[in-house]
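S.K.: below is the structure, and that's it, no one-letter string:
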(Lines give C-alpha, C1' and ligand atoms only; values in the text may rest on other atoms or scores of the structure.)
Protein backbone atom coordinates (compact mmCIF):
# COMPACT_ATOMS: atom_id res chain seq x y z
CA UNK A 1 0.00 0.00 0.00
CA UNK A 2 1.28 3.44 -0.86
CA UNK A 3 0.09 6.86 0.16
CA UNK A 4 0.09 9.91 -2.05
CA UNK A 5 2.57 12.41 -0.59
CA UNK A 6 1.03 15.46 1.03
CA UNK A 7 0.81 18.66 -0.93
CA UNK A 8 4.00 20.57 0.02
CA UNK A 9 2.02 23.50 1.42
CA UNK A 10 -0.17 21.17 3.47
CA UNK A 11 2.99 19.53 4.79
CA UNK A 12 4.30 22.97 5.79
CA UNK A 13 1.09 23.69 7.64
CA UNK A 14 1.14 20.29 9.36
CA UNK A 15 4.71 20.79 10.53
CA UNK A 16 3.86 24.30 11.72
CA UNK A 17 0.72 23.39 13.65
CA UNK A 18 2.17 20.61 15.82
CA UNK A 19 3.85 22.94 18.39
CA UNK A 20 0.55 24.81 18.82
CA UNK A 21 -1.66 21.73 19.21
CA UNK A 22 -0.33 20.97 22.69
CA UNK A 23 -1.69 24.31 23.91
CA UNK A 24 -4.67 24.99 21.65
CA UNK A 25 -5.69 21.58 20.32
CA UNK A 26 -6.62 20.98 16.69
CA UNK A 27 -8.52 24.25 16.74
CA UNK A 28 -8.90 27.31 14.49
CA UNK A 29 -6.50 29.32 16.65
CA UNK A 30 -3.80 26.67 16.10
CA UNK A 31 -4.53 26.62 12.38
CA UNK A 32 -4.20 30.39 12.15
CA UNK A 33 -0.92 30.25 14.07
CA UNK A 34 0.36 27.59 11.66
CA UNK A 35 -0.54 29.79 8.70
CA UNK A 36 1.43 32.65 10.20
CA UNK A 37 4.41 30.51 11.17
CA UNK A 38 4.58 28.82 7.77
CA UNK A 39 4.19 32.11 5.90
CA UNK A 40 1.38 30.67 3.79
CA UNK A 41 -1.24 32.85 2.16
CA UNK A 42 -4.39 32.39 4.29
CA UNK A 43 -6.57 31.98 1.18
CA UNK A 44 -4.28 29.23 -0.13
CA UNK A 45 -4.22 27.53 3.28
CA UNK A 46 -8.01 27.47 3.49
CA UNK A 47 -8.27 26.16 -0.06
CA UNK A 48 -5.94 23.27 0.74
CA UNK A 49 -7.52 22.67 4.15
CA UNK A 50 -11.22 23.61 3.88
CA UNK A 51 -11.84 22.23 7.37
CA UNK A 52 -8.80 23.92 8.79
CA UNK A 53 -7.05 22.11 11.62
CA UNK A 54 -9.32 19.08 11.19
CA UNK A 55 -7.79 18.39 7.79
CA UNK A 56 -4.32 18.61 9.33
CA UNK A 57 -5.29 16.26 12.17
CA UNK A 58 -6.45 13.73 9.59
CA UNK A 59 -3.22 14.16 7.63
CA UNK A 60 -1.23 13.69 10.86
CA UNK A 61 -2.95 10.36 11.50
CA UNK A 62 -2.60 9.14 7.93
CA UNK A 63 1.11 10.00 7.90
CA UNK A 64 1.50 7.79 10.95
CA UNK A 65 -0.18 4.93 9.10
CA UNK A 66 2.16 5.40 6.14
CA UNK A 67 5.22 5.43 8.42
CA UNK A 68 4.02 2.22 10.08
CA UNK A 69 3.54 0.49 6.73
CA UNK A 70 7.04 1.54 5.64
CA UNK A 71 8.47 0.15 8.90
CA UNK A 72 6.54 -3.09 8.44
CA UNK A 73 7.80 -3.45 4.88
CA UNK A 74 11.37 -3.08 6.15
CA UNK A 75 10.93 -5.43 9.12
CA UNK A 76 11.99 -9.07 9.16
CA UNK A 77 8.89 -10.94 10.33
CA UNK A 78 10.29 -14.37 9.50
CA UNK A 79 9.38 -16.94 12.10
CA UNK A 80 6.81 -14.75 13.85
CA UNK A 81 3.39 -16.14 14.69
CA UNK A 82 0.69 -14.13 13.01
CA UNK A 83 -0.60 -12.77 16.32
CA UNK A 84 2.94 -11.51 17.01
CA UNK A 85 3.06 -9.82 13.61
CA UNK A 86 -0.14 -7.96 14.44
CA UNK A 87 1.22 -6.96 17.84
CA UNK A 88 4.45 -5.79 16.23
CA UNK A 89 2.48 -3.71 13.72
CA UNK A 90 0.57 -2.00 16.52
CA UNK A 91 3.82 -1.22 18.31
CA UNK A 92 5.30 0.19 15.11
CA UNK A 93 2.20 2.36 14.71
CA UNK A 94 2.72 3.83 18.18
CA UNK A 95 6.41 4.42 17.47
CA UNK A 96 5.43 6.33 14.32
CA UNK A 97 3.76 9.00 16.47
CA UNK A 98 6.10 11.99 16.80
CA UNK A 99 4.00 13.90 19.33
CA UNK A 100 1.93 12.19 22.01
CA UNK A 101 0.07 15.37 22.96
CA UNK A 102 -1.09 15.79 19.36
CA UNK A 103 -2.69 12.34 19.57
CA UNK A 104 -4.24 13.15 22.95
CA UNK A 105 -5.80 16.29 21.54
CA UNK A 106 -6.89 14.47 18.41
CA UNK A 107 -8.48 11.66 20.40
CA UNK A 108 -10.52 14.20 22.35
CA UNK A 109 -11.59 15.99 19.17
CA UNK A 110 -12.58 12.84 17.27
CA UNK A 111 -14.61 11.67 20.27
CA UNK A 112 -17.00 14.59 19.82
CA UNK A 113 -20.35 13.49 18.33
CA UNK A 114 -19.98 15.49 15.11
CA UNK A 115 -16.43 14.16 14.62
CA UNK A 116 -17.08 10.51 15.52
CA UNK A 117 -17.44 9.38 11.89
CA UNK A 118 -14.06 10.86 10.98
CA UNK A 119 -12.48 9.24 14.03
CA UNK A 120 -13.96 5.84 13.24
CA UNK A 121 -12.78 6.09 9.64
CA UNK A 122 -9.22 6.86 10.72
CA UNK A 123 -9.06 3.95 13.18
CA UNK A 124 -10.57 1.64 10.55
CA UNK A 125 -7.96 2.91 8.10
CA UNK A 126 -5.18 1.99 10.52
CA UNK A 127 -6.58 -1.51 10.96
CA UNK A 128 -6.95 -1.87 7.19
CA UNK A 129 -3.36 -0.67 6.67
CA UNK A 130 -2.07 -3.29 9.12
CA UNK A 131 -4.00 -6.19 7.59
CA UNK A 132 -3.09 -5.13 4.05
CA UNK A 133 0.61 -4.76 4.91
CA UNK A 134 0.57 -8.21 6.53
CA UNK A 135 -0.78 -9.73 3.32
CA UNK A 136 -4.41 -10.36 4.19
CA UNK A 137 -6.12 -12.03 1.22
CA UNK A 138 -9.61 -12.53 2.65
CA UNK A 139 -12.41 -11.44 0.33
CA UNK A 140 -15.48 -12.39 2.35
CA UNK A 141 -17.00 -11.42 5.70
CA UNK A 142 -13.66 -12.13 7.36
CA UNK A 143 -12.30 -9.04 5.60
CA UNK A 144 -14.67 -6.92 7.68
CA UNK A 145 -14.48 -8.82 10.96
CA UNK A 146 -10.66 -8.73 10.96
CA UNK A 147 -10.65 -4.97 10.56
CA UNK A 148 -13.49 -4.42 13.01
CA UNK A 149 -11.74 -6.48 15.68
CA UNK A 150 -8.38 -4.82 15.11
CA UNK A 151 -10.02 -1.38 15.15
CA UNK A 152 -11.32 -2.12 18.64
CA UNK A 153 -7.92 -3.34 19.78
CA UNK A 154 -6.06 -0.36 18.35
CA UNK A 155 -8.49 2.18 19.81
CA UNK A 156 -8.16 0.59 23.25
CA UNK A 157 -4.38 0.46 22.97
CA UNK A 158 -4.15 4.16 22.10
CA UNK A 159 -6.27 5.14 25.10
CA UNK A 160 -4.13 2.96 27.37
CA UNK A 161 -0.90 4.29 25.84
CA UNK A 162 -1.96 7.89 26.42
CA UNK A 163 -2.08 7.22 30.16
CA UNK A 164 0.98 4.96 30.31
CA UNK A 165 3.97 6.38 32.18
CA UNK A 166 5.79 3.08 32.63
CA UNK A 167 9.45 2.75 31.70
CA UNK A 168 9.81 2.21 27.97
CA UNK A 169 6.06 1.72 27.58
CA UNK A 170 6.28 -1.74 29.14
CA UNK A 171 2.73 -1.53 30.43
CA UNK A 172 1.42 -0.77 26.95
CA UNK A 173 3.39 -3.69 25.49
CA UNK A 174 1.79 -6.02 28.02
CA UNK A 175 -1.65 -4.52 27.34
CA UNK A 176 -1.27 -5.16 23.60
CA UNK A 177 -0.44 -8.80 24.28
CA UNK A 178 -3.41 -9.20 26.64
CA UNK A 179 -5.85 -7.71 24.16
CA UNK A 180 -4.65 -9.93 21.32
CA UNK A 181 -4.66 -12.99 23.58
CA UNK A 182 -8.27 -12.19 24.48
CA UNK A 183 -9.26 -12.04 20.82
CA UNK A 184 -7.46 -15.31 20.08
CA UNK A 185 -9.34 -17.03 22.89
CA UNK A 186 -12.62 -15.67 21.55
CA UNK A 187 -11.79 -16.92 18.05
CA UNK A 188 -10.98 -20.33 19.49
CA UNK A 189 -14.38 -20.51 21.20
CA UNK A 190 -16.08 -19.41 17.96
CA UNK A 191 -14.34 -22.19 16.06
CA UNK A 192 -15.40 -24.75 18.65
CA UNK A 193 -19.01 -23.61 18.46
CA UNK A 194 -18.92 -23.63 14.66
CA UNK A 195 -17.61 -27.20 14.59
CA UNK A 196 -20.01 -28.48 17.25
CA UNK A 197 -22.33 -30.94 15.51
CA UNK A 198 -25.14 -30.28 17.98
CA UNK A 199 -25.14 -26.59 17.08
CA UNK A 200 -24.98 -27.03 13.30
CA UNK A 201 -28.72 -26.42 12.81
CA UNK A 202 -28.30 -23.04 14.50
CA UNK A 203 -24.97 -21.97 12.98
CA UNK A 204 -25.48 -23.08 9.37
CA UNK A 205 -28.05 -20.38 8.43
CA UNK A 206 -25.72 -17.69 9.74
CA UNK A 207 -22.76 -19.28 7.92
CA UNK A 208 -24.70 -19.23 4.65
CA UNK A 209 -25.61 -15.59 5.20
CA UNK A 210 -22.02 -14.62 5.96
CA UNK A 211 -20.79 -16.49 2.90
CA UNK A 212 -22.64 -14.00 0.70
CA UNK A 213 -20.71 -11.03 2.09
CA UNK A 214 -17.78 -9.90 -0.04
CA UNK A 215 -14.91 -7.50 0.57
CA UNK A 216 -15.13 -4.07 -1.11
CA UNK A 217 -14.08 -3.89 -4.74
CA UNK A 218 -11.20 -1.73 -5.87
CA UNK A 219 -13.53 0.38 -7.98
CA UNK A 220 -15.73 1.42 -5.05
CA UNK A 221 -15.90 4.97 -3.71
CA UNK A 222 -12.48 5.59 -2.12
CA UNK A 223 -14.09 7.69 0.61
CA UNK A 224 -15.90 4.69 2.06
CA UNK A 225 -14.27 3.19 5.17
CA UNK A 226 -12.13 0.18 4.44
CA UNK A 227 -12.22 0.14 0.67
CA UNK A 228 -9.32 -1.39 -1.22
CA UNK A 229 -6.36 0.92 -1.69
CA UNK A 230 -4.61 1.26 -5.02
CA UNK A 231 -1.34 -0.70 -4.65
CA UNK A 232 0.42 1.36 -7.32
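M.R.: Thanks, I have the structure now. Quick caveat: nothing in here was measured; it's all calculated off a predicted structure. Numbers count the residues shown, from 1 in each chain.
S.K.: below-threshold pLDDT in the chain: ranges please.
M.R.: Counting by pLDDT under 70, the chain shows low-confidence ranges at 1-3, 186-215, 217-232.
S.K.: going along the chain, name the strands of it.
M.R.: Ranges of strands in the chain, per DSSP state E: none exist.
S.K.: contacting residues around residue 133?
M.R.: 1, 68-69, 72-73, 89 (Cβ atoms under 8 Å, 6 or more residues apart in numbering). All C-beta spots, glycine's among them, are computed from the backbone N, C-alpha and C.
S.K.: 6 Å instead?
M.R.: 69, 72 (Cβ atoms under 6 Å, 6 or more residues apart in numbering).
S.K.: spatially central residue for this protein, please.
M.R.: Residue closest to the average C-alpha location in the chain (Cα atoms, centre = their mean): residue 126, at 2.1 Å.
S.K.: surely it and residue 66 touch.
M.R.: No. Using Cβ atoms under 6 Å as the test, residue 126 is too far from residue 66 to be in contact (10.7 Å).
S.K.: look up phi and psi at residue 112.
M.R.: phi -70, psi 140 (degrees, to the nearest 10).
S.K.: how many other residues sit next to it?
M.R.: 10 (other Cβ atoms under 10 Å).
S.K.: any idea how far residue 8 is from it?
M.R.: 30 Å (Cβ to Cβ, to the nearest Å).
S.K.: what does residue 66 give?
M.R.: 16 Å.
S.K.: same thing with residue 122?
M.R.: Taking Cβ to Cβ, one finds residue 122 at 23 Å from residue 8.
S.K.: who's more crowded, these two?
M.R.: residue 122 (21 against 9).
S.K.: what sits against the more buried one?
M.R.: Neighbours of residue 122 in contact, by Cβ under 6 Å, 6+ apart: residue 61.
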